[in-house]
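J.: Give me the fold of what follows.
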Amino acid sequence: MDPFGEHASMPNDASGENKTSAGNSSHTTRILCWIMTGPKNLESRTKHIRETWARRCNVALYMSSVKTDFPTVELNVSEGRDNLYWKTIRAFQYIHQHHLDEADWFLKADDDTFVVIENLRYILSKYDPEKPLYLGRRFTPFISQGYMSGGAGYVLSKEALRRFVNGFETGKCTHFSTIEDMALGKCMETMKVEPADSRDVKGRQTFHPYPPDHYLVRQPPRPRPWYMIYDHYTPIEGPGCCSDFVVSFHYIYAVQLYVLEYLTYHLRPYGYRYRFLPDEQTGINTTTTSIVRSQSFIASYYSM
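T.: Have a look, this model is predicted:
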């Protein structure tokens with residue numbers, strides 16, 4: 001099923017090399033995506049993730065407490081909010097055992113998260129997956145080095161995954177809390193996995209634990225909501241809040257997934273020249289350069 005036609009999806013080819021235009025250095029950045037789900041959400045949420053952004057992952061796994069033909073991976077854990085960290089532990093252990101060599105980075109996302117995989121590849125291409133790193137929306141409290149928001153999704157490097165699994169094999173990490181993202185952050189700190197900066201070159205956030213309207217709309221003076229109080233970096237509200245290369249939004253359900261899919265991959269203002277080119281040198285602003293860039297953008301878009 002392709003809800004938007006041939007240009008909606010930018011899948012990997014048979015060799016596993018991604019053919020997006022996110023930059024040559026990101027073409028070989030392999031990402032395994034695992035989606036935390038459960039039996040009651042397969043029809044209402046998870047199948048819509050499978051039909052949208054998950055198609056762009058190098059590997060996509062759906063972690064549940066029950067094995068189905070969906071397909072889902074059965075983990076030895078009960079459903080329920082109090083078991084989210086157990087599900088995370090078991091999922092990463094399963095991936096380490098069965099899929100370690102199939103990716104360089106390992107994304108955990110909820111079944112109500114929207115992810116732009118091309119933008120994630122671009123961000124990750126600047127880092128070495130053999131170093132102990134993890135990325136996401138960095139929160140400050142409870143853990144000395146902070147931790148990554150679970151709802152916004154977070155990514156472990158291959159070395160971070162190895163250390164996480166080793167932490168439970170050696171007893172250095174334990175299931176000491178049911179708060180999944182914070183507890184994982186504590187294990188990351190214990191195993192000397194460092195939080196990497198996922199913001200863009202202008203300091204704008206790319207991972208978001210709430211939908212776009214929670215950030216893009218300017219607000220009158222008010223007490224900041226908890227998720228902005230928790231932010232490691234100074235939060236910004238209004239149009240400057242979010243990177244042009246956003247990676248994720250949370251609390252995105254079926255209809256909204258397809259809306260964001262359309263807005264991300266199809267809506268274009270005719271004749272508009274994209275203004276944010278972080279990998280190009282600044283200071284060159286001739287008419288010829290503008291025409292060449294516009295032609296290149298149009299050519300790359302219609303070649304997808």
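J.: from here on, contacts and neighbour counts on C-alpha atoms
T.: Will do.
J.: Phi and psi next, for the closest residue to residue 278 other than its chain neighbours.
T.: Using C-alpha to C-alpha, 6 or more residues apart in numbering and skipping residues adjacent in sequence, the residue nearest residue 278 is residue 201, 7.0 Å away. Backbone torsions of residue 201, given as degrees, to the nearest 10, read phi -70, psi -20.
J.: tell me the secondary structure for residue 162?
T.: Under DSSP: H, G, I helix; E, B strand; the rest coil, residue 162 falls in the helix class.
J.: Could you pull up the contacting residues of it?
T.: Going by C-alpha atoms under 8 Å, 6 or more residues apart in numbering, residue 162 touches residue 96.
J.: What about the closest residue to residue 141 other than its chain neighbours, how many residues nearby?
T.: Using C-alpha to C-alpha, 6+ apart and skipping residues adjacent in sequence, the residue nearest residue 141 is residue 230, 6.4 Å away. Residue 230 has 19 neighbouring residues, counting by other C-alpha atoms under 10 Å.
J.: pLDDT wise, what is residue 230 at?
T.: If you check residue 230, the pLDDT there is 84.
J.: Please enumerate the strands of the protein.
T.: 31-36, 59-64, 73-74, 105-110, 113-115, 133-135, 138-139, 147-148, 154-157, 194-195, 248-250 (DSSP state E).
J.: got TSV for those, with mean pLDDT, distance to residue 224 and mean neighbour count too?
T.: Formatted as TSV, the strands of the chain follow (pLDDT from 0 to 100; distance: least, C-alpha to C-alpha, whole Å; neighbours: other C-alpha atoms under 10 Å):
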stretch	mean pLDDT	distance to residue 224	mean neighbour count
strand 31-36	98	29	24
strand 59-64	97	34	21
strand 73-74	94	39	18
strand 105-110	98	25	24
strand 113-115	98	23	28
strand 133-135	97	24	25
strand 138-139	95	14	24
strand 147-148	95	19	28
strand 154-157	98	23	24
strand 194-195	96	24	20
strand 248-250	97	19	24
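J.: Columns distance to residue 48 on top of those, output as a markdown table?
T.: Shown next, in a markdown table, are the strands of the chain (distance: least, C-alpha to C-alpha, whole Å):
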| stretch | distance to residue 48 |
| --- | --- |
| strand 31-36 | 12 |
| strand 59-64 | 12 |
| strand 73-74 | 17 |
| strand 105-110 | 12 |
| strand 113-115 | 10 |
| strand 133-135 | 25 |
| strand 138-139 | 27 |
| strand 147-148 | 25 |
| strand 154-157 | 20 |
| strand 194-195 | 30 |
| strand 248-250 | 14 |
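J.: Tell me which of those sits nearest to residue 177.
T.: Residue 177 lies closest to strand 147-148 among the strands of the chain, at 13.9 Å (C-alpha to C-alpha).
J.: what lines up beside the closest one in the sheet?
T.: Sheet neighbours of strand 147-148, with direction, are listed as strand 138-139 (antiparallel) (DSSP bridges).
J.: neighbouring contacts of the strand it pairs with?
T.: 146, 147, 148, 149, 195, 230, 231, 232, 233.
J.: who touches the fifth one in this structure?
T.: Applying C-alpha under 8 Å, 6+ apart to residue 195 gives the contacts 133, 134, 135, 138, 145, 146, 147.
J.: now, among those, which is nearest to residue 75?
T.: Once C-alpha to C-alpha is applied, the member of the contacts of residue 195 that ends up nearest residue 75 is residue 134, at 23.3 Å.
J.: Show me the one of the strands of the chain that comes nearest residue 240.
T.: strand 248-250 (15.9 Å).
J.: which residues touch that closest one?
T.: Under the contact criterion C-alpha under 8 Å, 6+ apart, strand 248-250 has outside partners 112-116, 151-153, 206-212.
J.: If we use 6 Å, what do you get?
T.: 113, 114, 115, 151, 152, 207, 208, 209, 210, 211 (C-alpha atoms under 6 Å, 6 or more residues apart in numbering).
J.: what's the answer for stretch 34-47, then?
T.: Outside stretch 34-47, the residues touching it (C-alpha under 6 Å, 6+ apart) are 60, 61, 62, 63, 64, 108, 109, 110, 111, 254.
J.: now, among those, which is nearest to residue 267?
T.: Residue 267 lies nearest to residue 254 out of those, by C-alpha to C-alpha, at 19.1 Å.
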